[in-house]
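Enquirer: show me the folded form of this:
(one chain, ligands or ions: 2)
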Amino acid sequence: MDTSPGEAECWPFLGTLNIDGYGQYHAGRTLIGTVSAHRVAYVLAHGLALNLPAHRLVRHLCANPPCCNPAHLTVGSQRDNMADRFRLHRDRPGPHPVRTLTPPPPGGWRVMSGDLEELARKALEADFWRKIDSGGGDAVCWPWTAASRHDFGYGFVYWEGRHTQAARVAYVLHHGLTLACIGRDLVVRHLCPGGGNPDCCNPRHLMVGTQKQNMHDRLAEGKYERGDGHFATKVSNREVRALREEYWSAPHGKRPKLEALALRHGVYWGTIHRWLRGAGRQEAGGPTGELEPEAKARTNHARGEAHRMVKISDARVRELRETYWSVPPKQRLSTVLLAARLGTDSKTVWNWLHGKSRLSAGGPTGDSVQSRGQQSGEESIPDRQP
Ligand SMILES: [Zn+2]
Ligand SMILES: [Zn+2]
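Expert: Ligands and ions are numbered 1, 2, ... in the order given. Reported below is the predicted structural model:
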């Protein structure tokens, strides 16, 4: 609205007007449940939290429908409105000069500038908080009630041009910040009294911290009990291998979500992603990519079933030997997994690797001189005959 003329003059709404000339302020719908611009102006200027009841009209003392100057607005009934029209305005269209301005509420008008951007933001904020159940009061958790939800429990919203966690938005709004104030490497930690509740958007339960702190919060709660206190080695090799097998043996659309696996193991999802691709924790073994179709079928069904023998080329056997023997014992995949990958059984793979069969294929059939002697540790399963 144009507030430049001063308090005695009309402040016409500069946006869309309806057929009767009244301003249509769409953000008002989420703000107080009406698009009627002068009504929104009245409610905000008087510092009211809610719209007036529908039968209470906001009347124009200036008889000028687009005017949003709160000093020109007063509340009354339909009857008052009609009386104004014939007594005050003599059925002449406005604007009319206003002799008796509406006095400001105690403490002055709440919205002096009528800055629409500010109002639009307020409306968005009101809409955001409406999606959160804060009915239980400050002491309890405020669950996210909207449908937009991430796989692992967090409410998600589109805010300031990006999709982000609802709790993050709750945190910044409560503290009068913007999302940009919190680095992307930082997380919003849930410090709910009953244990971290990812659904909670009560700002009093939220605190900004690092991903590492976040994981410690969870471990401290015993949600992701891991035995020893050191974060980086929390997930055992056996678990990493099982994780890979679970992931890669599932059909494409049915694989567990990285976030779900991350939550289960108490690590960052990017870490899970690296493990699954073999970009870290190679020593754990297990598949780090798509299994071959036969192998997949075999991993899905019970191992030890009668195997349908498939023809594997000499080149493939040689490649298998080279790959297997070129890495330190700890990094070798288990014969069970190699068998699953190739679509054969582990005994056959063991025999190939050790040159007990398919000698014609060529390639190394044992440790090279250099790597012999490095062999140690419990993870060297591959060398054992199954
Ligand atoms: Zn006016
Ligand atoms: Zn909470």
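Enquirer: which residues touch Thr271?
Expert: Neighbour list for Thr271: 262, 280 [criterion: C-beta atoms under 8 Å, 6 or more residues apart in numbering]. Where you see a C-beta, it was placed from the backbone N, CA and C, and this is true even at glycine.
Enquirer: check the secondary structure at it for me.
Expert: helix (DSSP: H, G, I helix; E, B strand; the rest coil).
Enquirer: mind showing which ranges of the stretch 201-350 of the chain have poor pLDDT?
Expert: Residue ranges of the stretch 201-350 of the chain with pLDDT under 70: 218-234, 266-267, 292-310.
Enquirer: so which bits of it are right by ligand 2?
Expert: Within reach of ligand 2 by C-beta under 5 Å from the ion, the stretch 201-350 of the chain has these residues: 202, 205.
Enquirer: per the record, what domains does the protein have?
Expert: 28-117, 131-220, 235-284, 306-383 (automatic domain parsing).
Enquirer: so can I have JSON lines of those showing distance to Ala8?
Expert: Output for those, formatted as JSON lines (distance: least, C-beta to C-beta, whole Å):
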{"stretch": "domain 28-117", "distance to Ala8": "7"}
{"stretch": "domain 131-220", "distance to Ala8": "34"}
{"stretch": "domain 235-284", "distance to Ala8": "59"}
{"stretch": "domain 306-383", "distance to Ala8": "83"}
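Enquirer: so can I have JSON lines of those showing distance to ligand 1?
Expert: Shown next, in JSON lines, are these (distance: least, C-beta to the ion, whole Å):
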{"stretch": "domain 28-117", "distance to ligand 1": "3"}
{"stretch": "domain 131-220", "distance to ligand 1": "33"}
{"stretch": "domain 235-284", "distance to ligand 1": "55"}
{"stretch": "domain 306-383", "distance to ligand 1": "79"}
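Enquirer: and of the ones you listed, who's closest to Glu9?
Expert: Closest to Glu9 of those is domain 28-117 (C-beta to C-beta; 7.1 Å).
Enquirer: pLDDT on the closest one, on average?
Expert: For domain 28-117, mean pLDDT is 83.
Enquirer: ok now that domain, how far from the chain's centre?
Expert: 41 Å (C-alpha atoms, centre = their mean, to the nearest Å).
Enquirer: C-alpha coordinates for the longest helix belonging to the chain, CSV please?
Expert: What stands out as the longest helix in the chain, according to DSSP state H, is helix 116-130. Presented in CSV, the C-alpha positions along helix 116-130 are these (Å, rounded to 0.1, in the frame of the first residue of the first chain):
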residue,chain,number,x,y,z
LEU,A,116,4.3,-6.3,1.9
GLU,A,117,7.4,-8.4,1.8
GLU,A,118,7.5,-8.5,5.6
LEU,A,119,3.8,-9.3,5.6
ALA,A,120,4.3,-12.1,3.1
ARG,A,121,7.0,-13.6,5.2
LYS,A,122,4.9,-13.4,8.3
ALA,A,123,2.2,-15.2,6.4
LEU,A,124,4.6,-18.0,5.4
GLU,A,125,5.8,-18.3,9.0
ALA,A,126,2.2,-18.5,10.3
ASP,A,127,1.6,-21.2,7.7
PHE,A,128,4.8,-23.1,8.8
TRP,A,129,3.9,-23.0,12.5
ARG,A,130,0.4,-24.2,11.7
